[in-house]
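J.: No sequence on hand, only this structure:
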């Protein structure tokens, strides 16, 4: 075929460069430059195949005849009729009759559009950026033996003009896809977190309801039963010694039940806030343990805890409650310190002791630590726990951002 004169060819290349300016997507570029390219390489079908960043998939954009190549999602490179070009095995593909050329038809090849649309003459050159193949430029014609090596060279010049734009667009598209995927993942995570938080709030309310029911009904019934047994033990025809173990057991059950009720319905937390509830729990836990533990709570928050949302406040209290219980139950400490302070716009609660500590990975996975991590995650707080320097004692820390933190509900 006859090619344009050198000056006219240069003008066409210049026209392609001008048309590329301001185009923001692959389809727009193809539609914008197709007519200009047709003056250099006449074609019935023009397409650009772009390799995805993973190197396994590719996607096609086309002008002129519409085919299934551009109407499918990213496809495997191994099924592309021009896979040898995209993989760098050959530097170009030129065929006088692609309908019968075995290079385009192999087991698993998506080459049906070639036959269906009679794309006989085909010309393919790679799109290269810094030596890497990012895709291919393809021209097809219904005519037999339409293209020559001179057309191949002209196509390479056009590909050199297009490749940098496609490279930049591919990077932008990939960044956009990654941002969308990340945003969707965060939205799903936030949805799950909020759902779990609402579930936790509902469970906490149910826990408190059960605590009140136990107090109002079960504990009252046990108290009446204990008093009746005391009266029975004083009757002359009954041996008080026989009833005394039963009375003692009943009293212990009532004591344990009161503890369950107190933990299920932390009235100090509801009435006075997190700091007072923590201090109350520390004092009661140490007293009831019977251990010679010296405890101390330092509150340097300046009253900021009073403005916490009720669910967040409850979660923080439960974390500290679990940490203190673990220290007393498993660590046998001599001292326990709870330190509350504001650091860089975040609330920090640190629970440290000088007990036996986390001796191994199994200890670290147990003792309710998983529950503490879950509670912290549900309120978007950071939680960490570890052995103190020197290997003696444990420190658990909760860090909660106070920025845009919902304010606690106020009583009417």
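T.: Arrived safely, thanks for sending. The model shown is predicted, which means the values in this text are computed figures rather than measured ones.

J.: where do the helices sit along this protein?
T.: Using DSSP state H, the helices of the chain run over residues 6-20, 26-40, 83-86, 112-116, 149-213, 219-233, 240-264, 267-272, 274-289, 310-326, 361-365, 369-378.

J.: most tightly surrounded among these?
T.: For those, the largest average neighbour count (mean count of other C-beta atoms under 10 Å) is found in helix 310-326, namely a mean of 22. The C-beta positions use only the backbone N, C-alpha and C, and glycine is treated the same way.

J.: Just list what that one packs against, helices and strands only.
T.: Under the contact definition 3 or more C-beta pairs under 8 Å, 6 or more residues apart in numbering; DSSP states H and E, helix 310-326 sits against helix 149-213, helix 267-272, helix 274-289, strand 335-343, strand 346-353, helix 369-378, strand 394-401.

J.: Pipe these into CSV and attach distance to residue 303 per row.
T.: Listed next are the helices and strands packed on helix 310-326 as CSV, based on distance: least, C-beta to C-beta, whole Å:
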stretch, distance to residue 303
helix 149-213, 24
helix 267-272, 12
helix 274-289, 9
strand 335-343, 11
strand 346-353, 12
helix 369-378, 23
strand 394-401, 16
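
J.: closest one to residue 251 among the ones you listed?
T.: Residue 251 lies closest, by C-beta to C-beta, to one member of these: helix 274-289, at 14.6 Å.

J.: Give me the average confidence score over the closest one.
T.: In this model, helix 274-289 has a mean pLDDT of 89.

J.: got it, and stretch 198-215?
T.: Averaged across stretch 198-215, the pLDDT comes to 66.

J.: quick one: pLDDT of the closest residue to residue 289 other than its chain neighbours?
T.: Using C-beta to C-beta, 6 or more residues apart in numbering and skipping the chain neighbours, the partner closest in space to residue 289 is residue 328 (5.0 Å). Per-residue pLDDT puts residue 328 at 89.

J.: now residue 328: how far from residue 298?
T.: According to C-beta to C-beta, to the nearest Å, residue 328 and residue 298 sit 19 Å apart.

J.: between these two, who's got more neighbours?
T.: residue 328 (21 against 12; other C-beta atoms under 10 Å).

J.: my guess is the more buried one contacts residue 286, does it?
T.: Yes: counting by C-beta atoms under 8 Å, residue 328 touches residue 286, with 6.9 Å between them.

J.: anything in contact with each of these two?
T.: 293, 336 (C-beta atoms under 8 Å, 6 or more residues apart in numbering).

J.: nearest to residue 341, of the helices of the chain?
T.: Short answer: helix 274-289, nearest of the helices of the chain by C-beta to C-beta, at 11.3 Å.

J.: Determine the angle, from 0 to 180 degrees, between that closest one and strand 346-353.
T.: With axes from the mean of the first three to the mean of the last three C-alpha atoms, to 10 degrees defining the directions, helix 274-289 sits at 10 degrees from strand 346-353.

J.: hmm, who's touching helix 274-289?
T.: Contacts of helix 274-289 (C-beta under 8 Å, 6+ apart): 259, 262, 266, 268-269, 293, 295, 297, 299, 301, 305, 308, 313, 316-317, 320-321, 324-325, 328, 336, 338, 340.

J.: one more time with 6 Å, if that's ok
T.: If you take C-beta atoms under 6 Å, 6 or more residues apart in numbering as the criterion, helix 274-289 is touched by 266, 268-269, 293, 295, 297, 299, 305, 313, 316-317, 320-321, 324, 328, 338.

J.: got the contact list for the closest residue to residue 136 other than its chain neighbours?
T.: Nearest non-adjacent residue to residue 136, counting by C-beta to C-beta, 6+ apart: residue 49, 4.7 Å away. By C-beta under 6 Å, 6+ apart, residue 49 lies in contact with 58, 60, 135-136.

J.: repeat for residue 390
T.: Contacts of residue 390 by C-beta under 6 Å, 6+ apart: none found.

J.: roughly how far is stretch 139-150 from the heart of the chain?
T.: Distance of stretch 139-150 from the chain centroid (C-alpha atoms, centre = their mean, to the nearest Å) equals 51 Å.

J.: so how far does that stretch reach from one end to the other?
T.: Its first and final residues considered, stretch 139-150 spans 14 Å by C-alpha to C-alpha, to the nearest Å.

J.: Excluding its own residues, what touches it? List them.
T.: With contacts defined as C-beta under 6 Å, 6+ apart, stretch 139-150 is touched by 3, 41, 43-46, 96-97, 118-123.

J.: just the buried members of the residues you listed?
T.: Buried by 16 or more other C-beta atoms under 10 Å: 41, 43-46, 118-123, out of the contacts of stretch 139-150.

J.: Would you point out the most distant pair within those?
T.: For the buried ones among the contacts of stretch 139-150, the farthest-apart pair by C-beta to C-beta is 41 and 118; their separation is 18.2 Å.

J.: Low-confidence ranges, the stretch 1-150 of the chain, go.
T.: Low-confidence segments of the stretch 1-150 of the chain (pLDDT under 70): 1-7, 21-24.

J.: which residue ranges form the strands in it?
T.: 45-51, 57-64, 75-76, 93-95, 121-129, 132-141 (DSSP state E, counting those that start in this stretch).

J.: which neighbours does the fourth one have in its sheet, and in what orientation?
T.: If I follow you right, that is strand 93-95. According to DSSP bridges, strand 93-95 has the following sheet partners: strand 121-129 (antiparallel).

J.: how far off strand 45-51 does the strand it pairs with point, in degrees?
T.: Orientation check (the same axes, to 10 degrees): strand 121-129 against strand 45-51 gives 40 degrees.

J.: re the thing from before, and of the buried ones among the contacts of stretch 139-150, the nearest to residue 377?
T.: Distances from residue 377 to the buried ones among the contacts of stretch 139-150, taken by C-beta to C-beta, are shortest for residue 46, at 52.6 Å.

J.: Pretty sure the closest one sits against residue 63.
T.: Yes: Residue 46 lies in contact with residue 63 (C-beta atoms under 6 Å); the separation is 4.6 Å.

J.: got any residues that touch both of these two?
T.: Residues touching both residue 46 and residue 63 (C-beta under 6 Å, 6+ apart): residue 34.

J.: May I ask you to confirm that residue 114 is in contact with residue 98?
T.: Yes: look at residue 114 against residue 98 with C-beta under 6 Å: they come within range, at 5.2 Å.

J.: Spit out the residues that contact these two alike.
T.: Counting by C-beta under 6 Å, 6+ apart, the common neighbours of residue 114 and residue 98 are residue 104.

J.: how about the nearest residue to residue 386, chain neighbours excluded?
T.: Nearest to residue 386 is residue 395, by C-beta to C-beta, 6+ apart, at 6.3 Å.
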